[in-house]
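Visitor: Quick one, structure for this:
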Amino acid sequence: MTSLPLAALRLYSRMYQQNLNPLKILLTLVLTLTVTFVAAPTKAQDFSYLPESEVNYLQVDDQQYPALLRSWQGKKKLGLAIIVPQLGSSPDEAGFTAYIRRELNRAGWATLAITPPTKPTMPNYATQAEDVANAGDNQLSQQSTQAMPVFSDEQLTLNIEQQQSFLISSMAQLDNLGKEFQGKRILISSGDSAAIIAELLKDNQLPMPDMLTVINPYSDYPSHNQALPKHLAELNIPILDIQSRDGTAASLATQQMRLELLPQNQPYKYHQYRMSLDLLHKEGWSNGIKLIEGFALRINKAYPNNG
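Guide: Numbers count the residues shown, from 1 in each chain. A predicted model of the protein is given here:
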């Protein structure tokens, strides 16, 4: 998994500072790294159906990850739209992602879709580290009436740090890749990637775009999902927030809070659009792309490119 050594060292440091038994630290690290490796193998992607000039690569921790770059079309040359699909998906993921990547070109935007971080999927049903010494006695800290946690706190922290590190490394390379496309920068992020993007932007760990579009934003981790509206509210850039009726329960759960926390009646700051259509069908895609194009055009007119 990407950025594994750095994240693992951070985890070791925190546990060491807590004066935990070395055996417990070692076991927790082994369990955590095992989950990470099994959950997120590197998967080769075949883009032979695309023009060679469209397929580029970003290098993160000595591995290459596809980044798909398409030029703007027509007379308009407005800038570059950077697309971050939801975790674990392809930069040309079938559906709305692939549609945005192609259709925005006709509106005067070059598009650059990157490979998002992977999404850990393997649950952790391991004995808690502090219970290792008590062999055969109370090895599971959960009560029989409680749901088993998917990840321990340590594994959760490591997963998030790996995903953040991957995005930071990837997006640091985009200026060079998209340098020929001058103008505005739109960052379009979907699903669980949007929550990570919002937090990184809030912490000034990513280059700040001119506009941000989030599509059904959410996090699988309840505390991070609850913090998402606050992270968006702290950003001082125009935000288009698209919520479709087929969004996840987690994205729907924060929809009202996102609307309440962000500025109202300020069309150049924040606009939330609740789609009556879903994003599984072309009718929804067409509606969604019109929202993005219209918002970008409004912001571009209010703050035109220099020169």
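
Visitor: quick one: buried residues of stretch 296-307?
Guide: Buried residues in stretch 296-307, counted by 16 or more other C-beta atoms under 10 Å: 296, 298-300. Placement of C-beta: from N, CA and C, glycine included.

Visitor: next one: stretch 248-266
Guide: 248, 250-252, 254-255, 258, 261-262.

Visitor: same question, stretch 264-276
Guide: Those would be 270-272, 275, for stretch 264-276 by 16+ other C-beta under 10 Å.

Visitor: now, which of those residues lie within helices?
Guide: Using DSSP state H, no member of the buried residues of stretch 264-276 falls within helices.

Visitor: and the two most separated of those residues?
Guide: 270 and 275 (16.6 Å; C-beta to C-beta).

Visitor: Residue 72: which of the buried residues of stretch 264-276 is nearest?
Guide: The closest of the buried residues of stretch 264-276, once distances to residue 72 are taken by C-beta to C-beta, is residue 271, at 23.6 Å.

Visitor: ok, the closest one touching residue 243?
Guide: No. Counting by C-beta atoms under 8 Å, residue 271 sits too far from residue 243 to count as a contact (11.4 Å).

Visitor: re the thing from before, can I get the buried residues of stretch 264-276 in a markdown table with pLDDT?
Guide: Output for the buried residues of stretch 264-276, formatted as a markdown table (pLDDT from 0 to 100):
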| residue | pLDDT |
| --- | --- |
| 270 | 92 |
| 271 | 92 |
| 272 | 93 |
| 275 | 89 |
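
Visitor: residue contacts, residue 174?
Guide: Going by C-beta atoms under 8 Å, 6 or more residues apart in numbering, residue 174 touches 58, 67, 82, 112, 114, 207.

Visitor: What's the mean pLDDT across stretch 190-208?
Guide: The average of the pLDDT scores along stretch 190-208 is 97.

Visitor: Run through the helices of the stretch 51-200 of the chain in chain order.
Guide: 96-103, 153-171, 174-177, 191-202 (DSSP state H, counting those that start in this stretch).

Visitor: biggest helix in this protein, by residue count?
Guide: Max-length helix for the chain by DSSP H is helix 282-302.

Visitor: what's next to that one, contact-wise?
Guide: Here helix 282-302 makes contact (C-beta under 8 Å, 6+ apart) with 78-79, 81, 95-96, 99-100, 103-104, 107, 109, 184, 186, 188, 210-211, 213, 215, 238, 240, 242, 244, 267-268, 271, 273, 275, 277-279.

Visitor: In strands only, show me those residues.
Guide: 79, 81, 109, 184, 186, 188, 211, 213, 215, 240, 242, 244, 271, 273, 275 (DSSP state E).

Visitor: Please pick the buried ones from the residues you listed.
Guide: Buried, going by 16+ other C-beta under 10 Å: 79, 81, 109, 184, 186, 188, 211, 213, 215, 240, 242, 244, 271, 275, out of the ones in strands among the contacts of helix 282-302.

Visitor: so residue 261 touches residue 229, yeah?
Guide: Yes. At 4.7 Å, residue 261 counts as touching residue 229 under the criterion of C-beta under 8 Å.

Visitor: Next, find the distance separating the residue nearest in space to the middle of the chain from residue 88.
Guide: For the chain, the residue nearest the mean C-alpha position is residue 193 (1.6 Å; C-alpha atoms, centre = their mean). Distance, residue 193 to residue 88, by C-beta to C-beta, to the nearest Å: 9 Å.

Visitor: any shared contact partners between these two?
Guide: Joint contacts of residue 193 and residue 88 (C-beta under 8 Å, 6+ apart) are 116-117.

Visitor: Number of residues surrounding the residue nearest to residue 156 when sequence neighbours are not counted?
Guide: Leaving out its chain neighbours, the residue that sits closest to residue 156 by C-beta to C-beta, 6 or more residues apart in numbering is residue 221, at 6.4 Å. Number of residues near residue 221 (other C-beta atoms under 10 Å) recorded here: 17.

Visitor: What distance do you get for residue 221 to residue 85?
Guide: For residue 221, the distance to residue 85 - C-beta to C-beta - is 19 Å.

Visitor: cool, and residue 250?
Guide: Computed with C-beta to C-beta, the distance linking residue 250 and residue 85 is 17 Å.
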